[in-house]
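*Asks:* got a predicted structure here, sequence first:
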Amino acid sequence: MSIMPALWIVWAGVTAVLLILLAYRGTITRYEEDQIFLDSAANHQEKEQTEILAKVTKVTPYVRMATGATCLLSACILGIYVWDAVRHLM
């Protein structure tokens, strides 16, 4: 049995996880402000922005790991196809 179907299934799973994480991070950062001018009466806005930043910081390592895994699996799949093509041409 070839390893390709298993690689494609793993790649699809990792890519799906990556897309879910990116969508989650996008919904979190939708309400993040680039610049806030706060006075002493707007402490709740500062707290909201701090919570958003904490959530994004928590998700970022998982996004990086999923991106790296997707790239690595893509390179492996492409390498196997190129190796197989070269082997058949020789």
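*Replies:* Happy to help now that I have it.

*Asks:* alpha carbons only for contacts and neighbour counts from here, please
*Replies:* Noted.

*Asks:* tell me which element Ala49 falls in.
*Replies:* Check again: residue 49 is Gln, not Ala. Element membership for Gln49, per DSSP states H and E: helix 43-89.

*Asks:* which secondary structure elements does that helix contact?
*Replies:* The helices and strands touching helix 43-89, judged by 3 or more Cα pairs under 8 Å, 6 or more residues apart in numbering; DSSP states H and E, are helix 4-28.

*Asks:* contacting residues around the helix it packs on?
*Replies:* Helix 4-28 has contacts (Cα atoms under 8 Å, 6 or more residues apart in numbering) with 52, 55-56, 59, 62-63, 66-67, 69-70, 73-74, 77.

*Asks:* quick one: it to helix 43-89, angle?
*Replies:* Calculated by axes from the mean of the first three to the mean of the last three Cα atoms, to 10 degrees, helix 4-28 forms an angle of 160 degrees with helix 43-89.

*Asks:* average pLDDT across helix 4-28?
*Replies:* For helix 4-28, mean pLDDT rounds to 95.

*Asks:* pull out the buried positions in that helix.
*Replies:* 11, 14-15, 17-18, 21-22, 25 (16 or more other Cα atoms under 10 Å).
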